[in-house]
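Student: What would the 3D arrangement of this be:
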Amino acid sequence: MTTLRSSGPVRAAAAFFASRILLAATVLVVAAVAGQGAVDHEWATGIWWLDRFSVWDSYHFVRIASLGYLPPGLDCCDQAFFPGYPLLMAAVAPITGGNVTAAGLLITLVAGAVAAALLWMLVADDPRGGSAAARRAVTLLTLAPTGFFFVAVYTEALFLALALGAWLLATRRQWWLAGLLAALATGVRVNGLFLAAALAVLYAVQWNSDGRPRPRLDVLALGFPAVSVAAYMTHLHARTGSWDAWREAEHRGWDRISAWPWEGLAAAWQSLLDSPDAWLAASRAADIGAVLLGVALCILLARQRRWPELTYLTLTVGVVLCSNLWVSTPRYALTWFPVYLAIATMRDTTAYRRAYAVVLALSAALLVGATWAAATRHWVA
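Tutor: Next up is the predicted model:
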């Protein structure tokens, strides 16, 4: 049994890595057949195959890794992106011959495999889980419709690996290490603050179940993510003179502001109606569908009484729900790790197996469509 449990994460990582190589090869074949030429962008590498995996936000990360924040002549809006990923790209670049784009892709591929292994371990450890549930969870991750971003120069794979590592360590009560990984996750994406809030709830749950009169010293680890954010905001203040530079960049670059949920829905619906082509319309419809699905999944977590996981997902979905811009939510959903846990550990009945099979089939179909659209540059969001 011990051998099976120890080999499970390794097999999960290997299988996921192999699936990403296959997905990357598919992107290249589709792009070649579709006649996709060289990418005309200032921060493109000029290497045809590598530029297939560097798009939109990727160029912000490449520029930050190459020049840092706010180089001469550019006062916005790279500061909307947290520094963890581009810093790691710059650190890994010597391995890839100085090519930071290749470094970003390598980080994504490795982090995705690590995330698959950690997800297997988390679900296998869960009281309602086990090896079968762990396999289901990793399969759901493998067939996630927006899986293209696990072979792209984007932050989702790295954040997911760090978040899962922090969560797994926290469930095993290794709080100092959990806090450190949560701080690193927060340095990659602002969603790390939501992870920190959820970890605080998990700590409280453990504290209550232990019946301790007071928390241990390791409660201080819950503050590590705040230190990570404070360091970045201090850096931006030193460069811009503003403590609110990150939010200002979000507003200037993408016109993103807070809004009531019904205002966000109305804006998303109008954007769908105003779409100039079918591809953008499909993307906007997916944005709306992902937000509504996120709300439904919050209800599922509440029904399962998974309060720490519910905290993370509610905050993560809520920040989009209460925004005027619902764009890219299907991509953000890749980091909703409690969802894989909740679905994979549901009671194993005939009805569940049928529903699970339908979900996998639908996810696989959407993955094929989304990958084709990304490969032909009809959609990247």
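Student: alpha carbons only for contacts and neighbour counts from here, please
Tutor: Fine.
Student: can you count the residues close to W49?
Tutor: 17 (other C-alpha atoms under 10 Å).
Student: I'd say it and T26 touch.
Tutor: No - counting by C-alpha atoms under 8 Å, W49 stays clear of T26, with 11.6 Å between them.
Student: all strands of this structure, in order?
Tutor: Applying DSSP state E to the chain gives no strands.
Student: can you tell me which helix in it is longest?
Tutor: Determined from DSSP state H, the single longest helix within the chain is helix 2-33.
Student: what helices or strands is that helix leaning on?
Tutor: Here helix 2-33 is seen to pack against helix 100-125, helix 131-142, helix 350-375 when contacts are counted using 3 or more C-alpha pairs under 8 Å, 6 or more residues apart in numbering; DSSP states H and E.
Student: Below-threshold pLDDT in the stretch 101-250 of the chain: ranges please.
Tutor: Counting by pLDDT under 70, the stretch 101-250 of the chain shows no low-confidence range.
Student: can you pull out the helices in it?
Tutor: Remark: helices assigned in the stretch 101-250 of the chain by DSSP state H, counting those that start in this stretch are 131-142, 156-171, 175-188, 192-210, 224-240, 245-254.
Student: Now do the phi/psi pair for D348.
Tutor: phi -80, psi 90 (degrees, to the nearest 10).
Student: Check the gap between it and A361 for me.
Tutor: From D348 across to A361, the span is 18 Å (C-alpha to C-alpha, to the nearest Å).
Student: Chain neighbours aside, what residue packs nearest to W48?
Tutor: Closest residue in space to W48, ignoring its immediate chain neighbours: A38 at 5.8 Å, by C-alpha to C-alpha, 6 or more residues apart in numbering.
Student: For the one you found, give me phi and psi.
Tutor: According to degrees, to the nearest 10, A38 has phi -60, psi 150.
Student: just checking, it touches G46?
Tutor: Yes - at 6.9 Å, A38 counts as touching G46 under the criterion of C-alpha under 8 Å.
Student: Could you report the distance from L292 to M346?
Tutor: Counting by C-alpha to C-alpha, the gap from L292 to M346 is 21 Å.
Student: Also V10?
Tutor: Distance from V10 to M346, by C-alpha to C-alpha: 24 Å.
Student: repeat for A290
Tutor: A290 is 21 Å from M346, by C-alpha to C-alpha.
Student: try S242
Tutor: For S242, the distance to M346 - C-alpha to C-alpha - is 47 Å.
Student: A116: how many residues sit nearby?
Tutor: A116: 31 neighbours (other C-alpha under 10 Å).
Student: next one: G35
Tutor: Neighbours around G35, by other C-alpha under 10 Å: 10.
Student: for it, phi and psi?
Tutor: phi 70, psi 30.
Student: got a list of what it touches?
Tutor: The contact partners of G35, by C-alpha atoms under 8 Å, 6 or more residues apart in numbering, come to none.
Student: oh, and call the first residue 296 from now on, that's how I've got it
Tutor: Got it, the first residue is 296 from now on, which makes the last one we talked about G330.
Student: And it, how close does it get to A408?
Tutor: On the measure of C-alpha to C-alpha, G330 and A408 end up 31 Å apart.
Student: R542 now?
Tutor: 32 Å.
Student: higher neighbour count, these two?
Tutor: Using other C-alpha under 10 Å, the more surrounded residue of R542 and A408 is A408, with 27 against 14.
Student: Apart from its neighbours in sequence, what residue is nearest the more buried one?
Tutor: A308 (4.5 Å).
Student: Next, the contact list for that neighbour, please.
Tutor: 408-412.
Student: want to try TSV for those residues, with distance to D373 as columns?
Tutor: Listed next are the contacts of A308 as TSV, based on distance: C-alpha to C-alpha, whole Å:
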residue	distance to D373
A408	28
V409	27
A410	26
A411	30
A412	32
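Student: quick one: which of the residues you listed is nearest W621?
Tutor: Taking C-alpha to C-alpha as the measure, A410 is the one of the contacts of A308 closest to W621, at 25.6 Å.
Student: tell me, how many neighbours does that closest one end up with?
Tutor: 28.
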